[in-house]
Structures are given as structure tokens and as C-alpha cells.
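K.L.:
3D model of this:
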Amino acid sequence: MIPVQDRSAATLIPLIQRYILPGNTIFSEEWASYHAFPASSFQHLTVNHILNFVDPTTGVHTQTVESTWDGAKKRLTNCMTTNPKPLDTHSSEVCWLKNIET
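P.N.:
Numbers count the residues shown, from 1 in each chain. Take a look at the predicted model:
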């Protein structure tokens with residue numbers, strides 16, 4: 001898990017370029033900063049949450065990642081209060097558990 005200070009394009013674009021391989025597809029909501037993603041490297045599909053949770057034309061949604069992150073936050077909050085392991089250890093455990101559950 002990478003700590004992100006804010007959701008500005010100046011913060012997000014270098015992280016995307018570092019961790020996401022070119023040619024992958026990025027699914028997001030229509031947050032203004034997300035419109036600055038480098039189009040030449042990635043396909044960027046969006047859903048407008050004001051209108052829909054799932055785009056009726058493309059089928060794009062962010063529900064899976066939002067659900068996963070919600071569960072991870074709950075687990076991490078519980079773990080961090082009972083076991084002071086580093087955050088990256090807890091987040092790795094959450095990812096591993098998610099992979100074996102699916």
C-alpha cells in the first residue's frame with residue numbers, strides 16, 4: 001500500500017507512471033485530477049457517480065475496489081490497534097487474504 005498525501009494530479013500521475021504498466025486500463029470516477037492521466041500510456045475509463053454507480057454504456061464501475069478498500073480499512077484499523085506491526089505488513093496480509101478468498 002502506498003501512502004498518498006492527496007488526490008491531486010501532481011501526486012497521482014507520478015505514482016501511476018511508477019506502479020502501473022503502460023497499456024493497462026484504469027477505471028475511476030470522474031474526479032477532476034483523474035482527467036490528467038497520461039492518455040498515451042493508459043486507457044482510462046470513467047463512471048460519473050452523480051449519474052450512475054455503473055456506466056450503462058461501458059459497464060465501468062469502481063464498486064469492487066471501493067468495497068475491497070472499505071474492508072481493508074476496517075481490518076487495518078482493528079489490526080493496528082491490537083498489533084503494532086508496520087502498516088505495510090498489515091496491508092500485505094489484507095492483499096493476500098483477498099487473493100485466497102476469490
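K.L.:
How far does the helix or strand where residue 68 lies sit from its chain's centre?
P.N.:
Using DSSP states H and E, residue 68 maps to helix 63-82. Using Cα atoms, centre = their mean, to the nearest Å, the distance from the centre of helix 63-82 to the centre of the chain it belongs to is 13 Å.
K.L.:
Which residue comes closest to residue 63 once chain neighbours are left out?
P.N.:
residue 53 (6.4 Å; Cβ to Cβ, 6 or more residues apart in numbering). Every residue, glycine included, has its C-beta placed from N, CA and C.
K.L.:
Around residue 37, count how many other residues there are.
P.N.:
Residue 37 has 20 neighbours, counted by other Cβ atoms under 10 Å.
K.L.:
ok, for it, nearest residue in space, not its chain neighbours?
P.N.:
According to Cβ to Cβ, 6+ apart, the nearest residue to residue 37 is residue 44 (4.9 Å).
K.L.:
mind giving me the domain ranges of this protein?
P.N.:
The record's domain parsing of the chain by automatic domain parsing lists 1-61, 62-102.
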